[in-house]
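*Asks:* Coordinates for the following, if possible.
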Amino acid sequence: MEKIVEKELVPISNKIALTIEEAAEYSNIGQNKLSKLLKMPRCPFVLYVGKKKLVKRREFERFITESIEI
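*Replies:* Sure, this is the predicted structure:
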């Protein structure tokens, strides 16, 4: 008999790095806009894992808090 292992979901608020989809859901900012922000020179919240881009949650929160317009 094969054992089925369920993947435990980690709440977004407990994650250090988010996918673009998770960051969009978390912030209510569209995925296209987030992709453009991640391409900014010296973006403070981008984390490259190979070719994949992730969003550093704490730095992203700080960026949003300090911004009045995105």
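
*Asks:* E22 - how many residues pack around it?
*Replies:* A count of nearby residues for E22, using other CB atoms under 10 Å, gives 15. Any C-beta I mention is one placed from the backbone N, CA and C, and that applies to glycine too.

*Asks:* Just confirm V55 is within a helix.
*Replies:* No - counting by DSSP: H, G, I helix; E, B strand; the rest coil, V55 is not part of a helix but strand.

*Asks:* That one: how many residues sit nearby?
*Replies:* Neighbourhood size, V55 [other CB under 10 Å]: 26.

*Asks:* Skipping adjacent residues, who's closest to it in space?
*Replies:* Spatial nearest neighbour of V55, chain neighbours left out: A23 (4.1 Å); criterion: CB to CB, 6 or more residues apart in numbering.

*Asks:* Ok, F60 next?
*Replies:* The shortest distance from F60 to any non-neighbouring residue, by CB to CB, 6+ apart, is to F45 (4.1 Å).

*Asks:* Distance check, that neighbour against E2.
*Replies:* F45 is 41 Å from E2, where distance means CB to CB, to the nearest Å.

*Asks:* More neighbours: which of these two?
*Replies:* Neighbour count, other CB under 10 Å: between F45 and E2, F45 has more, with 22 against 3.
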